[in-house]
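S.K.: I need the structure of the sequence given here:
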Amino acid sequence: MNPSTITKAAAFCCGLFAFALSAPALAAAPTNLLAHQVPLALDGAGTAWILTSTALVLMMTLPGLALFYGGMVRKKNLIATIAHSTAAMAIVTVLWFVAGYTLSFGTSGAATNGFIGGVQALFLNGVGVKTAHALTPGLPEFLWIGYQLTFAIITPALIAGAFAERIKFSASVLFFTLWHLIVYAPICHQVWGGGWMGELGVLDFAGGAVVHVNAGVAGLVCAIVLGPRHGWGRDNMAPHNLAFTAIGTGLLFVGWMGFNGGSAAGANEIAAVAVFNTLLAPAAAAVGWIAVEWTLKKKPTLLGLLTGVVAGLVAITPAAGFVDPRGAFLIGLISGPVAYVGAVWLKHKLKYDDSLDAFGVHGIAGIAGALLTGVFANAAINPLAEGATVWKQAVGLGGAMLWSAVGTFVVLMICKYTVGLRVEKEAEIEGLDYSQHGEAMH
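M.R.: I've put the predicted structure just below:
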């Protein structure tokens, strides 16, 4: 064999070897990308932070919110209340895989994309290890899907605070299912997924409208439609275990670092300011709440301190990555007294039984925080804050509140005329733990 033949053979073998090595990468390269996708340009540090944030936000629901709400109900309803958070996690996770993600972050036709996403990614069709969402090209799409799932999980779980201690478990299961598809997914798309609110320039860094105002308004509608608990305003309905509520608050607070800090979609300067603002605002809100409570009731309560902290966390959520610490401090200081009015005065004045103040805290503080985002948004912190106004924020809130209120009412009517909404009076008096689940705390 002459040298030239050997050289050609060696070159061929080397080329074949190189092709074999590259074949897995070529096979994994994305083809036929969906409208919302781009090829992944991996950001390792950002991916690590969002992986952490995903775990933190999941902790907010289980066990954070479950204990926060569980401690505030009467002992006979503790298991039923924790079951709501657990059911929300299970139901929404399955729905997110089936349709929730694509309806929230997919792309539909020009006539509908302002309000709802497309259906191309049903069952996560077309999602691969090398795809990314166009919003976050540095994150694997599966991670973005998981992170946003944790937001979708906690939102209906928050609503459960409004109908606690009186709803059928079957009704809550059907409610969570329909509400995710009819209310949450469309509003999420309208704000974050390329819909009309995002196009208008409405600022919602981590879920002021999408999560808290949405859940708060839905909770108000639920409280009105279901009516008050038997004995409300007459019987003692004080929290049975404030230690549970304190532990739940602590877990929520820690998890909120991922909720707001992770919404920067990377390990960057915006995440840093968002995390610091998330520490500062709830402290200021707790001071504001307790100042009002101490003045009016002459005693500062633990429940007041804890609720003030949560109100501040809610209020800073839409603003966390758009304001400087001075803005965060003022948002917190204002939101504490405002939430006090909503949770303590407003519901008694208007006579609706929002059991655990889903609207009084999440709705009212969420509205305050979203509007104040328009006041304190600072382009020196985040260039996306350029052009922010209270008017834009108000228009966005109005749209989210209207969609939430109407959609929630429709879902409740479906539940009412299929499985029914409320337990019988005797079952409510006995307690939902035993009447609905056959279990009881001893």
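
S.K.: leaving out the residues flanking it, which one is nearest to residue 48?
M.R.: Spatial nearest neighbour of residue 48, chain neighbours left out: residue 267 (7.0 Å); criterion: C-beta to C-beta, 6 or more residues apart in numbering. Just so you know, the C-beta spots here come from the backbone N, C-alpha and C atoms, and that holds for glycine as well.

S.K.: mind checking pLDDT for the one you found?
M.R.: Here, the pLDDT recorded for residue 267 equals 98.

S.K.: how close does it get to residue 384?
M.R.: For residue 267, the distance to residue 384 equals 18 Å [C-beta to C-beta, to the nearest Å].

S.K.: and for residue 242?
M.R.: 40 Å.

S.K.: do the same with residue 51
M.R.: Residue 51 is 24 Å from residue 384, by C-beta to C-beta.

S.K.: touching, residue 317 and residue 261? I think so.
M.R.: No: using C-beta atoms under 8 Å, residue 317 is not in contact with residue 261, being 11.3 Å away.

S.K.: so which of the two has more stuff around it?
M.R.: Neighbours were tallied for residue 317 and for residue 261 using other C-beta atoms under 10 Å; the higher tally belongs to residue 317 (34 against 26).

S.K.: rewinding a little: from residue 53, how far off is the residue nearest to residue 48?
M.R.: According to C-beta to C-beta, residue 267 and residue 53 sit 10 Å apart.

S.K.: could you look up the SS state of the residue nearest in space to the middle of the chain?
M.R.: Closest to where the C-alpha atoms of the chain average out (C-alpha atoms, centre = their mean) is residue 151, at 3.4 Å. Put simply, residue 151 is helix when judged by DSSP: H, G, I helix; E, B strand; the rest coil.

S.K.: isn't it right up against residue 212?
M.R.: No: applying C-beta under 8 Å as the test, residue 151 and residue 212 come out as separate, 10.7 Å apart.

S.K.: number of residues surrounding residue 93?
M.R.: Neighbours of residue 93 (other C-beta under 10 Å): 17.

S.K.: so it versus residue 398, what's the distance?
M.R.: Residue 93 is 31 Å from residue 398, by C-beta to C-beta.

S.K.: what stretches of the protein score poorly on pLDDT?
M.R.: Scanning the chain for pLDDT under 70 picks out the ranges 1-31.

S.K.: swap the cut-off to 80 and go again
M.R.: Scanning the chain for pLDDT under 80 picks out 1-31, 442.

S.K.: need the strands for it, in chain order.
M.R.: Taking DSSP state E as the test, the strands found in the chain are 37-39, 131-133.

S.K.: burial of the nearest residue to residue 395 once chain neighbours are set aside, as a residue count?
M.R.: Nearest residue to residue 395 in three dimensions, chain neighbours excluded: residue 200, at 6.6 Å (C-beta to C-beta, 6+ apart). Other residues within reach of residue 200, judged by other C-beta under 10 Å, total 15.

S.K.: same question for residue 40.
M.R.: 22.

S.K.: before we move on, what about the one 5 residues further on?
M.R.: As a burial measure, residue 45 scores 11 neighbours (other C-beta under 10 Å).

S.K.: also the one 4 residues further on?
M.R.: Using other C-beta under 10 Å as the criterion, residue 49 is surrounded by 21 other residues.

S.K.: give the contact list for the closest residue to it other than its chain neighbours.
M.R.: Distances taken as C-beta to C-beta, 6+ apart place residue 267 nearest to residue 49, at 4.1 Å, with adjacent residues excluded. Applying C-beta atoms under 8 Å, 6 or more residues apart in numbering to residue 267 gives the contacts 45-46, 48-49.

S.K.: residue 179: which of those residues is nearest?
M.R.: residue 49 (30.3 Å; C-beta to C-beta).

S.K.: backbone torsions only: list them for the nearest residue to residue 423 once chain neighbours are set aside.
M.R.: Nearest residue to residue 423, sequence neighbours excluded (C-beta to C-beta, 6+ apart): residue 168, at 5.5 Å. For residue 168, the backbone dihedrals are phi -70, psi 140 (criterion: degrees, to the nearest 10).

S.K.: now residue 168: how far from residue 274?
M.R.: The value you get for residue 168 to residue 274, if C-beta to C-beta is used, is 39 Å.

S.K.: show me which of these two is the more surrounded one.
M.R.: More crowded of residue 168 and residue 274, by other C-beta under 10 Å: residue 274, with 29 against 21.

S.K.: for that one, what are its contacts?
M.R.: Applying C-beta under 8 Å, 6+ apart, the residues near residue 274 are 205-206, 260-261, 263-264, 320-321.

S.K.: how about the helices in the stretch 101-250 of the chain?
M.R.: Remark: helices assigned in the stretch 101-250 of the chain by DSSP state H, counting those that start in this stretch are 101-105, 141-163, 169-179, 185-192, 196-200, 214-226, 242-261.

S.K.: please state the backbone phi and psi of the nearest residue to residue 75 once chain neighbours are set aside?
M.R.: Excluding the flanking residues, the one nearest residue 75 by C-beta to C-beta, 6+ apart is residue 240, at 4.2 Å. Taking degrees, to the nearest 10, you get phi -90, psi -20 for the backbone angles of residue 240.

S.K.: buried residues, stretch 349-366. List them.
M.R.: Neighbour-count burial for stretch 349-366, with 16 or more other C-beta atoms under 10 Å as criterion, is recorded at 352-366.

S.K.: may I have stretch 306-324 exported as PDB, CA atoms only?
M.R.: Output of stretch 306-324 as PDB, limited to C-alpha atoms (Å, rounded to 0.1, in the frame of the first residue of the first chain):
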ATOM      1  CA  LEU A 306     -46.400  37.300  61.500                       C
ATOM      2  CA  THR A 307     -49.100  38.600  59.300                       C
ATOM      3  CA  GLY A 308     -47.200  41.900  58.900                       C
ATOM      4  CA  VAL A 309     -44.200  40.000  57.700                       C
ATOM      5  CA  VAL A 310     -46.300  38.100  55.100                       C
ATOM      6  CA  ALA A 311     -47.900  41.400  54.000                       C
ATOM      7  CA  GLY A 312     -44.500  42.900  53.400                       C
ATOM      8  CA  LEU A 313     -43.400  39.800  51.400                       C
ATOM      9  CA  VAL A 314     -46.500  40.100  49.300                       C
ATOM     10  CA  ALA A 315     -46.200  43.800  48.600                       C
ATOM     11  CA  ILE A 316     -42.500  43.700  47.600                       C
ATOM     12  CA  THR A 317     -43.100  40.800  45.200                       C
ATOM     13  CA  PRO A 318     -44.000  42.900  42.100                       C
ATOM     14  CA  ALA A 319     -41.300  45.400  42.900                       C
ATOM     15  CA  ALA A 320     -38.400  43.400  44.200                       C
ATOM     16  CA  GLY A 321     -36.100  43.600  41.100                       C
ATOM     17  CA  PHE A 322     -37.300  47.100  40.100                       C
ATOM     18  CA  VAL A 323     -36.800  49.300  43.200                       C
ATOM     19  CA  ASP A 324     -33.900  50.300  45.300                       C
END
